[in-house]
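> Sequence and predicted structure below; questions after.
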Amino acid sequence: MDKLDLIFVLDSSNSLQPNDKKEMKDFMKKLIENLGVADNKTHVGVMTFDDSPNLVFHLGTHKTQSSVIAAIDKMKFGYGATDTGKALKYLKEEMFTKPNGDRPHVPNVAVVLTDGFSKDAYATQYYANESKKLGISIFAVGVGPSVDPGELKSLSSSPADQYAFIIHSFSDLDKVGDQLVNTTCSVRLPNTSITAVSTAKPGCYDRKDCMVYGEDVCTDYAGWSSYHCPLWCGFCNGTTSQPPCLDILPNCVEYGGDICTRPDLRIWALRHCRAYCGFSPCIGTPTRATTTPKPTTPRVCQDRVNCEHYGGHSICHDEKYKGWAKDNCYSYCGYCVEYAIIPPTTIGNLHCPGWKIPSECKMTYGDATCCPMPKCPTPGYNLTVTKPHL
């Protein structure tokens with residue numbers, strides 16, 4: 001390939017160890033050496049992401065291979081959660097732009113490296129799709145057991161077997177390097193010029209993820225919307241994509257129709273259960289009204305991720321993340337479906353209450369001056385006191 005604009009998008013979340021960061025740097029340097037950096041060949045940009053995107057350097061900032069490698073050696077990583085959606089939004093709106101070094105008529109390639117799943121699956125899929133519509137080819141490399149294979153494939157370009165990779169550890173990155181180089185060399189510009197995809201006037205773009213607010217925001221908060229959501233609301237001429245009529249979560253029915261009507265859960269439901277709730281563009285066809293849930297076997301009381309890495313037990317009670325917590329931190333947050341009923345008891349002159357406790361919790365008995373109390377492996381379990389024995 002004669003010319004290529006290549007951007008690395010690197011996870012810098014809490015779970016990364018010092019050696020993981022070194023392995024990522026070595027991977028980038030090896031890939032760059034194979035592709036070759038020069039004014040008329042490959043230009044490289046680098047960004048990291050945790051709770052927010054972070055610029056390392058833009059395309060074309062460093063014109064020679066040695067200067068790119070030196071900049072990679074000096075780069076720092078952040079610390080936080082994994083918000084891949086925000087990173088892809090920044091990639092599309094800031095990194096691959098002419099003012100920041102993107103060259104016209106040169107293929108755009110992004111390599112996303114992550115060791116976990118995004119905190120906002122809907123935004124990740126949405127901005128991945130928007131980036132691919134602009135002709136950006138996305139390689140997605142997932143490392144370790146916390147990666148969501150489905151999410152990785154959905155954010156990568158097609159075919160997934162050439163653009164999405166899952167490896168055991170960062171030390172295995174060299175195993176995908178050659179295949180990535182070979183596929184990169186076959187990337188071609190889309191039939192439609194990247195600069196002609198959008199018909200929006202200069203300055204006609206949304207500054208927020210406006211779809212989560214719904215159409216009412218355009219009339220109820222017209223002043224705010226005219227600045228933050230002019231394209232979404234039609235205040236300026238341009239084209240925007242309808243959000244897909246689908247659910248990001250496969251089990252929205254388990255949360256019940258309440259998530260669709262509660263104001264405090266609206267944004268979460270818009271992002272995760274759009275079809276189930278019948279939000280735009282699914283208006284009039286909510287799946288919750290027509291779908292009978294299939295019988296399910298009781299879920300095993302265990303977590304899908306290391307929940308300590310996601311902010312401790314605050315995620316179990318924060319309304320913004322309760323749906324995610326129930327799906328991924330089932331045991332840690334005390335959502336287990338199997339409960340034991342402990343009947344009220346009398347100990348001497350004490351009338352002790354009954355309890356409804358998860359099966360992982362046990363009752364502890366002291367002396368005759370105290371009622372038995374439940375004890376659970378960790379904080380956060382749902383414990384219910386029943387009517388005291390009288």
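Everything's here; your move. Quick caveat: nothing in here was measured; it's all calculated off a predicted structure.
> Leaving out the residues flanking it, which one is nearest to Ala123?
Nearest non-adjacent residue to Ala123, counting by Cβ to Cβ, 6 or more residues apart in numbering: Gly85, 2.8 Å away. From N, CA and C alone the C-beta is placed, and that goes for glycine too.
> where does the one you found land in three-state SS?
Per DSSP: H, G, I helix; E, B strand; the rest coil, the local secondary structure of Gly85 is helix.
> residues in contact with it?
118-124, 126-127 (Cβ atoms under 8 Å, 6 or more residues apart in numbering).
> mind listing the helices in the stretch 151-300 of the chain by residue range?
Secondary structure of the stretch 151-300 of the chain by DSSP state H, counting those that start in this stretch: the helices cover 160-163, 174-184, 217-220, 222-228, 230-233, 258-261, 266-272, 274-277, 287-290.
> quick revisit: put together CSV for the contacts of Gly85, with pLDDT, neighbour count and secondary structure on each row.
Output for the contacts of Gly85, formatted as CSV (pLDDT from 0 to 100; neighbours: other Cβ atoms under 10 Å; DSSP: H, G, I helix; E, B strand; the rest coil):
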residue, pLDDT, neighbour count, secondary structure
Ser118, 84, 24, coil
Lys119, 79, 22, coil
Asp120, 79, 24, coil
Ala121, 77, 21, helix
Tyr122, 75, 25, helix
Ala123, 81, 22, helix
Thr124, 86, 29, helix
Tyr126, 85, 22, helix
Tyr127, 89, 23, helix
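> need these in CSV with distance to Gln179, can you?
Compiled in CSV, those are given as follows (distance: Cβ to Cβ, whole Å):
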residue, distance to Gln179
Ser118, 24
Lys119, 29
Asp120, 29
Ala121, 26
Tyr122, 30
Ala123, 28
Thr124, 23
Tyr126, 28
Tyr127, 25
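> Show me which residues of stretch 76-90 are buried.
Within stretch 76-90, the residues scored as buried using 16 or more other Cβ atoms under 10 Å are 77-78, 81-90.
> quick check, distance from it to the centre of its chain.
Mean-position distance between stretch 76-90 and its chain equals 9 Å (Cα atoms, centre = their mean, to the nearest Å).
> again, but for stretch 224-233
24 Å.
> Same question for stretch 105-119.
With Cα atoms, centre = their mean, you get 13 Å for stretch 105-119.
> Could you tell me the end-to-end distance of it?
Terminal residues of stretch 105-119 lie 34 Å apart, using Cα to Cα, to the nearest Å.
> now do stretch 142-156
By Cα to Cα, the extent of stretch 142-156 from end to end equals 11 Å.
> what do you get for stretch 81-98?
End to end - Cα to Cα - stretch 81-98 spans 30 Å.
> Same question for stretch 223-233.
By Cα to Cα, the extent of stretch 223-233 from end to end equals 11 Å.
> cool, and stretch 162-179?
End-to-end distance for stretch 162-179: 8 Å, by Cα to Cα.
> hmm, who's touching that stretch?
Outside stretch 162-179, the residues that touch it by Cβ under 8 Å, 6+ apart are 19-20, 23-24, 26-27, 30-31, 34, 113, 115, 137-144, 147, 149, 152-153, 156-157, 180, 183.
> In strands, which of these appear?
113, 137-143 (DSSP state E).
> Of those residues - the most surrounded one?
Ranked by the number of neighbours (other Cβ atoms under 10 Å), the ones in strands among the contacts of stretch 162-179 place Val141 first, at 27 neighbours.
> Could you verify my assumption that that residue touches Val147?
No: Val141 lies out of contact with Val147 (Cβ atoms under 8 Å); the separation is 9.2 Å.
> which other helices and strands contact whichever helix in the chain runs longest?
In the chain, with assignment by DSSP state H, the single longest helix is helix 18-35. Under the contact definition 3 or more Cβ pairs under 8 Å, 6 or more residues apart in numbering; DSSP states H and E, helix 18-35 sits against strand 4-11, strand 42-49, helix 65-74, strand 108-114, helix 174-184.
> what would the ones you listed look like in TSV with mean pLDDT?
As requested, these are exported to TSV (pLDDT from 0 to 100):
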stretch	mean pLDDT
strand 4-11	94
strand 42-49	95
helix 65-74	94
strand 108-114	95
helix 174-184	81
